[in-house]
Structure formats: structure tokens, C-alpha cells
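>>> Generate coordinates for the sequence data below:
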Amino acid sequence: MDQIATLQELLNSLPDEEKTERVIQNLKTCYETETGLLHKYASRGGSPSITLLPFTKQGSQFIANFWVNDLGLPKEEKYNWHLQNTSQWLYAGCILVQDGRVSTHH
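Below you'll find the model as predicted:
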């Protein structure tokens, strides 16, 4: 069950003051790169599931989390410091918008 936000959904989840021409162009580039990587890693899984969520505000940052799980792997008690279960992850990270800049983190 994939849940992949569209580029428009990502833009809609940002406040108007963050939607500068620079942010929009950089977000398009990051979106194309990351969705390509999400599908690349999904092709390596036995039972893949792709998730790319719209932006949520966390402090002064807007974060769109993404990951690829292999649902065929056993789910274990493996968590990162964000308390996300990582036992089935093939690829994960986020697109971040802050202070007029767009970046990705893996």
C-alpha cells in the first residue's frame, strides 16, 4: 500500500510565505530525485511499500518524511532516535524546507 504525496500536495502543505520561486524550483528537483530513489529501492524489496508524506511543521522546519519498507522482512524492535521502527527500511529520509532553503536528509 503506497502513499506517495504528489508535488502539488507537497506544495499545498507549505505555508504561502515558504512558496518562493527558489523553494518551488528546488522542491521540484528534490521531489524528482527522491521519488526516483524511492522506486529504485522499492524494486529491491520482496514486498515493498513506499511512503512520502506531505510537509508537517516541526519548530521552524517543514519536514516531508519518506521511506521504503520491505514488508516481507520481519518486524523487529529496532528504532532510531526519532522513535521510527527501522527494521523493514530499505531507504528513508526527508525533504526539509527552512528559511527559504530546500534540502534532503537520509
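>>> Enumerate every residue touching the residue nearest the centre of the chain.
By CA atoms, centre = their mean, the chain has its centre lying nearest to Phe66, at 2.6 Å. Neighbouring residues of Phe66 by CB atoms under 8 Å, 6 or more residues apart in numbering: 34, 38, 50-53, 92-95. (C-beta placed from N, C-alpha, C; glycine too.)
>>> One more pass at 10 Å, please.
Going by CB atoms under 10 Å, 6 or more residues apart in numbering, Phe66 touches 3-5, 34-35, 37-38, 50-53, 91-95, 104, 106.
>>> Check Lys75 too.
Counting by CB under 10 Å, 6+ apart, Lys75 touches 69, 85, 87-88.
>>> ok so, going back, just the ones in helices from the contacts of Phe66, please.
Counting by DSSP state H, the part of the contacts of Phe66 found in helices is 34-35, 37-38.
>>> what's the farthest-apart pair in those residues?
Using CB to CB, those span at most 7.4 Å, a distance reached by Thr35 and Leu37.
>>> can you tell me which helix or strand the residue nearest to the centre of the chain belongs to?
For Phe66, the host element (DSSP states H and E) is strand 61-70.
>>> now the strands for the chain?
Secondary structure of the chain (DSSP state E): strands located at 3-4, 48-52, 56-58, 61-70, 89-98, 101-105.
>>> among those strands, which is nearest Asn12?
Nearest of the strands of the chain (CB to CB): strand 61-70, 11.6 Å.
>>> still on that earlier bit, closest to Glu17 among the ones in helices among the contacts of Phe66?
Ranked by distance to Glu17 (CB to CB), those are led by Glu34 at 23.5 Å.
>>> Let me know the pLDDT of the closest one.
With respect to pLDDT, Glu34 scores 98.
>>> what about it, distance to Lys19?
Distance, Glu34 to Lys19, using CB to CB, to the nearest Å: 19 Å.
>>> Comparing those two, which shows the higher neighbour count?
Glu34 (20 against 14; other CB atoms under 10 Å).
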